[in-house]
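# let me see the structure of the following:
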Amino acid sequence: MKSYCGFTFVWVGAWTTLLSLAVQSAPPAEKTPKKPADSKQASASQEPVIPTSVFVLPANPKEGKDPFFPTSMRIFASQQPVVPKGQKAPVIEIPLTLTGIIPPKLAMVNGRTFEEGEEGEVVANGVRKKIRCLKVKTESAIVELLPEGERRELKLRFGAN
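Below you'll find the model as predicted:
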């Protein structure tokens, strides 16, 4: 009986200690901070505002230069020329090559396969150009440059003569 009675006192003492620590560590109910009515305003005021970077390419060497290659003119070459009103934009000649024909209705222009009536972009000399394949023949194909409407007949090249 003695051991049972001692165990009960130890058990009750441990629970009393734990409960007293839990009560002391909890904050009083009236001292808890109240939440603002609008939680969006509170979160917006706490988050930092991150500025965005803006990079402007100079139009000529007087406006700026490339910091890594100060003598390079490549950033000025990428600028599109300004066309005055009343004048047409300069026509850039796009070399189109018929690289293959897959019977009955497929033509390969500059490495891209087109079906009759299909539109798509081809790349030639670093310039993208939209074309439409109008007709595929046995040894040639007729394509239309868009939006100009210029039609070209591209012929297969059979070896270097």
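
# helix/strand/coil for Arg128?
Secondary structure, DSSP: H, G, I helix; E, B strand; the rest coil: Arg128 is strand.

# element containing the nearest residue to it once chain neighbours are set aside?
Computed as C-beta to C-beta, 6 or more residues apart in numbering, the closest residue to Arg128 that is not its neighbour in sequence is Glu121, at 5.0 Å. Where C-beta positions appear, they are placed from N, C-alpha and C, glycine not excepted. In this assignment (DSSP states H and E), Glu121 forms part of strand 119-124.

# give me the contact list for that strand.
For strand 119-124, contacts defined as C-beta atoms under 8 Å, 6 or more residues apart in numbering pick out 94-96, 109-112, 114, 128-133, 146.

# now the two most distant members of those.
Distance extremes for the contacts of strand 119-124: the farthest pair is Gly111 and Leu146 at 18.5 Å, using C-beta to C-beta.

# neighbour-wise, which of the two wins?
Remark: of Gly111 and Leu146, Leu146 carries more neighbours, 14 against 11, as counted by other C-beta atoms under 10 Å.

# correct me, but that one touches Arg128?
No. Between Leu146 and Arg128 there is no contact, the gap being 11.5 Å when judged by C-beta atoms under 8 Å.

# in a helix, Val12, correct?
Yes. Counting by three-state DSSP, Val12 is part of a helix.

# any idea of the pLDDT on it?
The model reports Val12 with a pLDDT of 78.

# now do it against Val143, distance only.
96 Å (C-beta to C-beta, to the nearest Å).

# next: Val136.
Separation of Val136 from Val143 (C-beta to C-beta): 10 Å.
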